[in-house]
Every structure is written in C-alpha cells, then in structure tokens.
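Q: 3D, please:
(chains A and B)
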Amino acid sequence: MNLVLDVFSILAIGSGAFFFFAGTVGLLRFPDALTRLHALTKADNLGLGLVVLGLLPRVENLLAAFKLVAIWALVQLAGATVAQLIGRAVRRKGPAA
Amino acid sequence: MSVLQALDIGLAALVLALAVWTIFAREVFAAVVGYVAYGLLLSIVWVRLFAVDVALTEAAIGSGVTGVLLIGAAARLREAREAEAAEHPSEPQRFWAMVLCALVTLALAAVVLLLPDPAPTLAPQASQHLAETGLGNPVTAVLIAYRAFDTMLEKVVLVLAIVGVWSLAPDRFWGGAPGEPRAVHPEPTLAFLAQILAPLGILVGIHIFWAGADGPGGAFQGGAILAAMWMIVMMAKLGEAPPVRALWLRLALVAGPAVFLAAGVAGIGVASGFFAYPAGFAKPLILFIEAFMTLTIAVTLPMLVAGPPRRAPRR
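A: Numbers count the residues shown, from 1 in each chain, chains lettered A, B, ... in the order given. I've put the predicted structure just below:
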C-alpha cells in the first residue's frame, strides 16, 4: 500500500514539475504577452494542482490536507485574476514588446 | 553534496543574481518587480534557515506591502520623468555617488565578515524563561516581552510614517479622503477577487495573529494580511479610504502604541517595573496588546498606500 502511494506521489509531483518546466519554457519562448500568459496559467493551474495531489497522501491529518487544497484554490484565484487583468491591459494598450 | 545543499546553493545564487539585476535594471517598474521577486526568494531563504516568523514577515511586508508602495511610487514618478531627465547629474556627482555606495557596501561587508565566531547568542536564556511568559513562540516572547520597548517604538515609527505621508497634503484637501473614491461600477475582475478573497483573508489574518502566541505568526504578519485585504477592496473600488480627519481612523492609528505604552507604564505599579508584566498574567496581557497592534498595523499600511489626502473634505 505504501509503495503504491509513493509511486502515486512521485508520478503526480513529477508531472507537476513537468508542467512548471513547460510553462517556464513557454514564458521564455512564446512570441507575445497573451500566449506567454497562456503558458503561465497552465503551470499555475495543472503544475501546482498535481504537486498538491501528490503531497495529499503524505499529510499527517485532514486539516493539513485541507490547507494544501486551500493553497491551490487561492493560487488559482489569484492567477486567474492576474491573467485577466494583464490580458485586459494588453488589449487596451496594444501588445507592447 | 546532498540534494538539499545543492538547492540551497542554487537559491543563494538566484538571490544574488536577482539583487544584481534589480540594481542594474534601467526601468523603474522592472526594478520594482525584481525587488518583489527578490523578497519572495528571500522568504524561502528564511524558511530554509528555520525562521518561519521572519519568512512570513518578509513575504507580507518586505515583498507584499513594500512592493505595492513602490509600484505606486513608480506610477507617480512616471509623470515626473521629463522633469527628472532635465536634471541629469554631472559626471563628478555620479563618480562620488559611486564611491559613497562602494564604501557603504564595503563597510557592511566588513561588519558581517568580522562577526565573532561563534556569534554571541541570547537564545538559551530566551527559551529558558519562555514558560514565565506563558507563550509557546520564542519570537513573540522576544518581541512583546523581552524587548517590548523596541517593539512599541517600532509601532510609533508607523504612526510617524503616516504623519509624514499626510504632511504632503495640499492645504485645500486637508482632512479629506486619500485615494480613489468608491465606484458605482467597480472593475469586475478585481471586484470578484476582492469579494471572494477578502472574507477568507480576514479569517487567515486573525488566525495568524492568534496562532502567533504558540507558533509562527503574530501581530505584524496577521496585521499585514488584514491590511492587504483592505488594500484589495480599495483597489477594486468596492470601498474607499476614510477621510483623514475621521475620529475612528485616528484612534485606530494610535491604538497599538497607546495600549502598549499604557501596559508598559502600568507595569511600574502592578509589576516590577516599566514594561514588566505581572507574573501569571503575562500571556493574556501580551495577547491584549497584540490585538491592538494588529488593528493599528491593519489600518496604517493601507493608509500609507492610499497616500496623502486628494479630495476636499465634505463640510
């Protein structure tokens, strides 16, 4: 049972790290602000989500698990809002560099 | 070399690189963003040094609130850019500025490198007398019990900062409200964030203040989170800053240092001296003082961000 959970954790956290890596590559390589934003939101959303999912079997109690999920939800909220605000600023002022 | 050691060295290199980048950034806004990222990395460094209290403060104040203040300053400096370009410093001025900065850096480096090894520490005494304060968190004990006078003066500095910002108000606006007025149709995205985040953040802020007695947290960290929630509500224009002549605002601004000082003076009568707490009654008294300090911090920081009064008071 422990082995199964460990493998699950490694797989989930590994995939999360991959999404962060892909998001960072996208941030550096994509041509304009909107596509870079698109790459970043994937890293926030799926990357952090998978890392949290991988950590869930390792928590000591239910409260700690709830805190982890709450962190993910708050980052989602902040990320989505900032993406909207930057996207709107880009549309208003036109893509600057 | 273990994986953690490699990560620590990488983290240190990243902090140094970002610091250099922030100094050399030509654009003010880029430098501010670099500074905010630098503060967040620094808070990870504090976590690695097992100083979670400092990490929380660095993330909330050093990176968060200072970042908002600096972004506001950068936005206002943009208007003054032409006037600034006209006053280009001369070559000798720039040379001597460079010499002065280099000297300060060298002096700081010398002070840090010349520290005795092992460094003098009061940590054993601090944890030895922890039980007498009734607290579980030695950092809170240091801040509110062992060196209470320093912490009280830090809160006075916050009040002085507000006085400094308000003294920039033009005469016709004195007594009026700073910042943008509340909007009938607030910006929908920010309003959505503020409506969801503010209730949660208020809960988290109060929890961090309360948890500070026995774990990482305390008045400064909790107050900074509460302050951030008010800032978000003001930025979304769901609410507005009160006029600076409002009595409740003035009371909230001085509540922390005033209650702290009163408790300190009371110590002369009921305990062994100035800023001494009566035995067995220390913890409730400390939490009482901290509650008012949290209030003062939660009100002072957003008022600092809101800036000097910009609208004439209603008669």
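Q: Report how far apart the opening and closing residues of stretch B:138-150 are.
A: One end of stretch B:138-150 sits 16 Å from the other (CA to CA, to the nearest Å).
Q: contact partners of it?
A: Residues from elsewhere that reach stretch B:138-150 (CB atoms under 8 Å, 6 or more residues apart in numbering or on different chains): B:53, B:123, B:126-127, B:129-130, B:133, B:135, B:151, B:212-213, B:216, B:218, B:260, B:264, B:274-275, B:277, B:282, B:286, B:289-290. Quick note: C-beta positions are derived from backbone N, CA and C, even for glycine.
Q: repeat for stretch B:205-222
A: B:52-53, B:55-57, B:60-61, B:135-137, B:139-140, B:143, B:223-226, B:229, B:256, B:283, B:286-287, B:290-291, B:293-294, B:297-298.
Q: what about the helix ranked longest in chain A, near chain B?
A: Counting residues, the longest helix found in chain A (DSSP state H) is helix A:62-93. Yes - Helix A:62-93 lies within reach of chain B by CB under 8 Å from any CB of the partner chain, at A:74, A:77-78, A:81, A:84-85, A:88.
Q: which of the contacts of stretch B:205-222 count as buried?
A: The neighbour count (16 or more other CB atoms under 10 Å in any protein chain shown) marks B:52-53, B:55-57, B:60-61, B:135, B:137, B:139-140, B:143, B:223-226, B:229, B:256, B:283, B:286-287, B:290-291, B:293-294, B:297-298 as buried among those.
Q: quick one: least confident helix or strand in the chain?
A: Unless you meant another one, I'm taking chain A. helix A:33-42 (a mean of 86; mean pLDDT, DSSP states H and E).
Q: that's the wrong chain, I wanted chain B
A: helix B:81-86 (a mean of 71).
Q: Give the helix, strand or coil label for B:Gly273.
A: coil (DSSP: H, G, I helix; E, B strand; the rest coil).
Q: Okay, and which of the buried ones among the contacts of stretch B:205-222 map to helices?
A: B:52-53, B:55-57, B:139-140, B:223-226, B:229, B:256, B:283, B:286-287, B:290-291, B:293-294, B:297-298.
Q: Please tell me how far B:Ser272 sits from chain A.
A: 41 Å (CB to the nearest CB, to the nearest Å).
Q: Now do the same for that residue: its pLDDT.
A: At B:Ser272, the model reports a pLDDT of 80.
Q: can you count the residues close to it?
A: By other CB atoms under 10 Å in any protein chain shown, the residues close to B:Ser272 number 11.
Q: Likewise for B:Ala282?
A: Neighbours of B:Ala282 using other CB under 10 Å come to 19.
Q: for the nearest residue to it once chain neighbours are set aside, what are its contacts?
A: Distances taken as CB to CB, 6 or more residues apart in numbering or on different chains place B:Thr133 nearest to B:Ala282, at 4.8 Å, with adjacent residues excluded. By CB under 8 Å, 6+ apart, the contact set of B:Thr133 is B:141, B:145, B:277, B:282-283, B:286.
Q: got a list of what residue 22 touches?
A: With no chain named, the answer covers chain A. Here A:Ala22 is in contact with A:39, A:42-43 (CB under 8 Å, 6+ apart).
Q: hmm, I had chain B in mind actually
A: Here B:Thr22 is in contact with B:31, B:34-35, B:38 (CB under 8 Å, 6+ apart).
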